[in-house]
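Undergrad: quick one: sequence and predicted model below, then my questions.
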Amino acid sequence: MAVAKKKPAASAARGSAPQKSSATKPVSKSAAKPPSKPAAAKPAAANSGSAKSNGVTAGLLPALSREQELAAYKQMLLIRRFEEKAGQMYGMGLIGGFCHLYIGQEAVVVGMQMALEDGDQVITGYRDHGHMIACDMDPKGVMAELTGRRGGYSKGKGGSMHMFSVEKGFYGGHGIVGAQVSLGTGLALANRYRGNDRVSLAYFGDGAANQGQVYESFNMAELWKLPVIYIIENNRYAMGTSVTRSSAQTDFSKRGISFNIPGEKVDGMDVRAVKDAGERAVKWCREGNGPFILEMMTYRYRGHSMSDPAKYRTREEVEKVRGEQDPIEQVRLRLIETKRATEDDLKKIDAQVRAVVNDAAEFATNDPEPDPSELWTDVVR
């Protein structure tokens, strides 16, 4: 179900990696001028569109092929339907604890996955189900973890915020606000140390962007030229406070200026814009230039978590975003208008996606709970 990643390219030249020794020294920072932003990719002439929404003017965007559009549509729809089902199951009492849904933000992770290669790594916070599915983790295993069953990715012991799959390049789901930024920087340091060609993606929100550990990570990443992309999913409200009330600098793409880290503001509701910016950032990191910041202007339709009534914004605001910027609807309209797909084609995809989600829900409802002996496994003493 996942959008196919690119095949690994030949290893690009990069700066000197830390040496393997008992006293590893950090990579010396070049005395040259701070790295400038990579040049914008030339837009494709055919079927390109001008994007001006969500406070971002992206100009002409390279068109996606029919296969890419359909794959992105299917993947975003799978995330949407999965999250809708998770919300229903939470309301039925089948999912307990915290549950943070990704509805509305699907284009961010799907677009970024289209820019990656096999072996690249993803790490994020607690709004993580969409990232797992985009990384091609089995919806059954994800849903089973939500319901606390043996077949879950953490054997039913981690819940919504703690799932991992090294095989799929997904390093969590983390419940501590901003913690994943330091860990994602550590993944990039490991890649640099090993001398491979991998890139680490560290996702976090506009609320976490004010955490001190984020800026410690920025400093180290630029000092050692680590191949990490910091993706700020700016859904405008953090846990429930507007960025205009909580942040002195509301342009998060500029948060790396004092560290000489380039940044770009992206329309995170348009999968084309995300993929386009993602490819530039990945190229920048893979070529050894150090970290890059992408601020994804996006929007969550639900509250911060299932227990949040979201009274800090109006229903009209939410409906306006749904009606004018919905990431899935944008792709659907393009496919119909360009005659790349018919309504019947898209209805078939929806039916396939619903079947996958229903199977996942059925599995997660009937799979056995962990044996009590599991309380003593995976525990560091």
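TA: Yes, it's here. Numbering: from 1, shown residues only.

Undergrad: the helices in this protein, which residues?
TA: Applying DSSP state H to the chain gives helices spanning 66-91, 106-113, 129-134, 139-146, 179-194, 212-223, 243-246, 271-286, 315-325, 327-337, 343-366.

Undergrad: list the helices and strands the longest one packs on?
TA: This means helix 66-91. For helix 66-91, the contact count by 3 or more CB pairs under 8 Å, 6 or more residues apart in numbering; DSSP states H and E identifies helix 106-113, helix 129-134, helix 139-146, helix 327-337, helix 343-366 as packing neighbours. (Each C-beta comes from the backbone N, C-alpha and C, glycine too.)

Undergrad: would a markdown table of the helices of the chain with mean pLDDT, distance to residue 292 and mean neighbour count be doable?
TA: Formatted as a markdown table, the entries for the helices of the chain read as follows, by pLDDT from 0 to 100; distance: least, CB to CB, whole Å; neighbours: other CB atoms under 10 Å:
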| stretch | mean pLDDT | distance to residue 292 | mean neighbour count |
| --- | --- | --- | --- |
| helix 66-91 | 97 | 22 | 21 |
| helix 106-113 | 98 | 12 | 29 |
| helix 129-134 | 97 | 18 | 28 |
| helix 139-146 | 98 | 29 | 25 |
| helix 179-194 | 97 | 11 | 22 |
| helix 212-223 | 97 | 10 | 19 |
| helix 243-246 | 90 | 21 | 14 |
| helix 271-286 | 98 | 4 | 24 |
| helix 315-325 | 94 | 25 | 13 |
| helix 327-337 | 97 | 22 | 19 |
| helix 343-366 | 98 | 32 | 15 |
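
Undergrad: JSON lines for those helices, including distance to residue 172?
TA: As requested, the helices of the chain are arranged in JSON lines below (distance: least, CB to CB, whole Å):
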{"stretch": "helix 66-91", "distance to residue 172": "18"}
{"stretch": "helix 106-113", "distance to residue 172": "14"}
{"stretch": "helix 129-134", "distance to residue 172": "9"}
{"stretch": "helix 139-146", "distance to residue 172": "12"}
{"stretch": "helix 179-194", "distance to residue 172": "7"}
{"stretch": "helix 212-223", "distance to residue 172": "16"}
{"stretch": "helix 243-246", "distance to residue 172": "25"}
{"stretch": "helix 271-286", "distance to residue 172": "20"}
{"stretch": "helix 315-325", "distance to residue 172": "29"}
{"stretch": "helix 327-337", "distance to residue 172": "24"}
{"stretch": "helix 343-366", "distance to residue 172": "20"}
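
Undergrad: tell me which of the helices and strands packed on helix 66-91 sits nearest to residue 97.
TA: The closest of the helices and strands packed on helix 66-91 to residue 97 is helix 139-146. By CB to CB, the value is 9.0 Å.

Undergrad: from the contact counts, what lies against that closest one?
TA: Applying 3+ CB pairs under 8 Å, 6+ apart, one finds that helix 139-146 makes contact with helix 66-91, helix 129-134, helix 343-366.

Undergrad: can you rerun that using 6 Å?
TA: Applying 3 or more CB pairs under 6 Å, 6 or more residues apart in numbering; DSSP states H and E, one finds that helix 139-146 makes contact with helix 343-366.

Undergrad: got CSV for the helices and strands packed on helix 66-91, with distance to residue 241 too?
TA: Output for these, formatted as CSV (distance: least, CB to CB, whole Å):
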stretch, distance to residue 241
helix 106-113, 21
helix 129-134, 23
helix 139-146, 27
helix 327-337, 24
helix 343-366, 32
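
Undergrad: tell me which of these sits nearest to residue 304.
TA: Of all the helices and strands packed on helix 66-91, the one in closest proximity to residue 304, counting by CB to CB, is helix 129-134 (14.6 Å).

Undergrad: residues making contact with that closest one?
TA: When contacts are defined by CB atoms under 6 Å, 6 or more residues apart in numbering, helix 129-134 is touched by residues 78-79, 102, 109-110, 113, 122, 124, 142, 170.

Undergrad: one more time with 7 Å
TA: Residues external to helix 129-134 that are found in contact with it (CB atoms under 7 Å, 6 or more residues apart in numbering): 2, 75, 78-79, 82-83, 86, 102, 105-106, 109-110, 113, 122, 124, 139, 142, 163, 170, 203.

Undergrad: before we move on, what about stretch 252-264?
TA: Residues from elsewhere that reach stretch 252-264, judged by CB under 7 Å, 6+ apart: 34-35, 37, 206, 209, 218-219, 222, 232, 234, 249, 265, 277, 291-295.

Undergrad: hmm, try it at 8 Å
TA: Where contact means CB atoms under 8 Å, 6 or more residues apart in numbering, the residues beyond stretch 252-264 that reach it are 34-38, 206, 209, 214-215, 218-219, 221-222, 230, 232, 234, 249, 265, 277, 280-281, 284, 290-295.

Undergrad: may I have it as CSV, with CA atoms only?
TA: The C-alpha coordinates for stretch 252-264 follow below in CSV (Å, rounded to 0.1, in the frame of the first residue of the first chain):
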residue,chain,number,x,y,z
PHE,A,252,9.3,28.3,11.8
SER,A,253,11.3,27.9,8.6
LYS,A,254,13.6,30.7,10.0
ARG,A,255,14.2,28.9,13.3
GLY,A,256,17.6,27.6,12.1
ILE,A,257,19.0,31.0,10.9
SER,A,258,21.2,31.5,14.0
PHE,A,259,22.8,28.1,13.3
ASN,A,260,23.2,28.7,9.6
ILE,A,261,20.6,26.0,8.8
PRO,A,262,18.6,26.7,5.6
GLY,A,263,14.8,26.4,5.8
GLU,A,264,11.8,26.5,3.6
